[in-house]
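Visitor: requesting a structural model of the entry that follows:
(4 chains)
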2 protein chains.
Amino acid sequence: MSSSRENFFDFIRQVIPVPDEVIHSIIKPFEEISISRNDFFLRAGTYTDQYLYLNKGFIRAYSHNQEGDEVTTAFYSGPSMVFEVYSFFSRKISQENIQALTECEGLVISYNQLNHLFHSLPAFRDFGRAILVKGFSQLKQRMLSQITETAEERYNRLLQSNPEVFMHAPLKDIASYLGITDSSLSRIRRHFGQK
Amino acid sequence: MSSSRENFFDFIRQVIPVPDEVIHSIIKPFEEISISRNDFFLRAGTYTDQYLYLNKGFIRAYSHNQEGDEVTTAFYSGPSMVFEVYSFFSRKISQENIQALTECEGLVISYNQLNHLFHSLPAFRDFGRAILVKGFSQLKQRMLSQITETAEERYNRLLQSNPEVFMHAPLKDIASYLGITDSSLSRIRRHFGQK
DNA sequence: CTCATTTCTTGTCATTTGACAAGCCGACCG
DNA sequence: CGGTCGGCTTGTCAAATGACAAGAAATGAG
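Guide: So this is what the prediction gives:
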């Protein structure tokens, strides 16, 4: 069994505790995929029929604002589930780009296969729902942080909770994720370093 | 059939087109509820076993920041589904309050009943997933707006997309939802009125 | 109706952040 | 090796927003 499958097995077990053979039936229809550095998992203006378990690697999602500048909407590092929730589940063109910042490997499943699992395997329903719930509540948390905390507090929070972001993403992309400009992030780093 | 049940019927049909009798089996286990103005559907520090279809009325959700000030996290007006996603699905204590700003009426179902429907009725699985997906992507949209737009643009966006908010919620609660102070909102309103 | 409380506005001033431009530095390439 | 380019920092100034306080207006309780 590939390393991706082994790790996906453990990943699922952590989300929903069910017998091993059930987990195996979940994993079976997934197919191995690798994404080269800088390649796109999803391009704005298109849509992808892939729901990804990212085993290893680092990924950035971004959109564009009205002026056309890139705005980072998410960072993903393996192991985690990666998909653009609206585009994948509504089967519509995506507004968002999802791009590999490093070599990535993982497992994918199509919408139809996912739905088949969803309707035939109770455990996968619970898994899928738990993944949505987790993503949703993390975003709520981030929204609250965006509204109530200063840029410096958000920077520190990211540094604590997601230090690997700083190993893979250029500062300008981290800045737009934090909702500030790259200059401001640079100043925050300097001031914080002095403390 | 109560007005809530009739409207819930139409609400479900708009989300997932399935035969009427299927919709009826979804609605059946829901129970009618009414919430008085200012009463709490969910109080921070507790948890509720209710997943709400809000038929009529207006509801605000809010948390507290580190300084203890209220921060509005969402507004809901009927018809819509109302629940705190993490607290309800993980059955944990909520950090968030959900409070009726007007008399409300709707239908509720417990976690166990919801799970029973979820695992026995394919249509309800699709419905539940669609509700999660919709809430999730709306929040992503709001996050992007928060990061890329000015306070005035966000104010105008809310005015366009959700004018009923201004009929029910005090400005200070709208301000914290927009991520600004009530003074700033007041100034934005004045400047905008002049244009 | 009247009083108390809350909500909203406004003023003043400080702070944060952005816009823009220049410069530094390290990576990569011919 | 020299040059270019992207990423990062820094300076200057302007704009947006917050903090705080005072007062006006609206609301609610008795």
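Visitor: thinking A:Arg43 is in contact with A:Asn97, fair?
Guide: Yes - counting by Cβ atoms under 8 Å, A:Asn97 is a contact partner of A:Arg43 at 5.8 Å. Using the backbone N, CA and C atoms, a C-beta is placed for each residue, glycine as well.
Visitor: where's the residue sitting nearest the centre point of chain A, which helix or strand?
Guide: Closest residue to the average C-alpha location of chain A: A:Tyr76 at 3.7 Å, with Cα atoms, centre = their mean. For A:Tyr76, the element it lies in under DSSP states H and E is strand A:70-77.
Visitor: which parts of chain A sit against chain B?
Guide: Proximity of chain A to chain B is confined to A:63, A:65-66, A:71, A:73, A:85-86, A:89-90, A:118-119, A:122, A:125, A:128-130, A:132-133, A:135-137, A:139-140, A:142-144, A:146-149, A:176, A:179 under the rule Cβ under 8 Å from any Cβ of the partner chain.
Visitor: of A:Arg43 and A:Asn97, which one has the most company?
Guide: A:Asn97 (21 against 14; other Cβ atoms under 10 Å in any protein chain shown).
Visitor: pLDDT score for the more buried one?
Guide: What the model reports for A:Asn97 is a pLDDT of 95.
Visitor: looking at strand pairing, list the partners for it.
Guide: Using DSSP bridges, the beta-bridge partners of A:Asn97 come out as A:Tyr62.
Visitor: can you tell me how far it sits from A:Thr73?
Guide: A:Asn97 is 9 Å from A:Thr73, where distance means Cβ to Cβ, to the nearest Å.
Visitor: any common contacting residues for the two?
Guide: A:Ala61, A:Tyr62, A:Ser63 (Cβ atoms under 8 Å, 6 or more residues apart in numbering or on different chains).
Visitor: all strands for chain A, in order.
Guide: Secondary structure of chain A (DSSP state E): strands at A:31-35, A:40-42, A:51-56, A:58-64, A:70-77, A:80-82, A:97-100, A:104-109.
Visitor: identify each buried residue in the fifth one, please.
Guide: Okay, so that is strand A:70-77. Within strand A:70-77, the residues scored as buried using 16 or more other Cβ atoms under 10 Å in any protein chain shown are A:Val71, A:Thr72, A:Thr73, A:Ala74, A:Phe75, A:Tyr76, A:Ser77.
Visitor: quick check: the farthest pair among the residues you listed?
Guide: A:Val71 and A:Ser77 (19.5 Å; Cβ to Cβ).
Visitor: anything in stretch A:137-145 near DNA strand C?
Guide: No - using Cβ under 7 Å from any atom of the strand, stretch A:137-145 stays clear of DNA strand C, coming no nearer than 12.0 Å.
Visitor: any idea how far that stretch is from the middle of the chain?
Guide: 15 Å (Cα atoms, centre = their mean, to the nearest Å).
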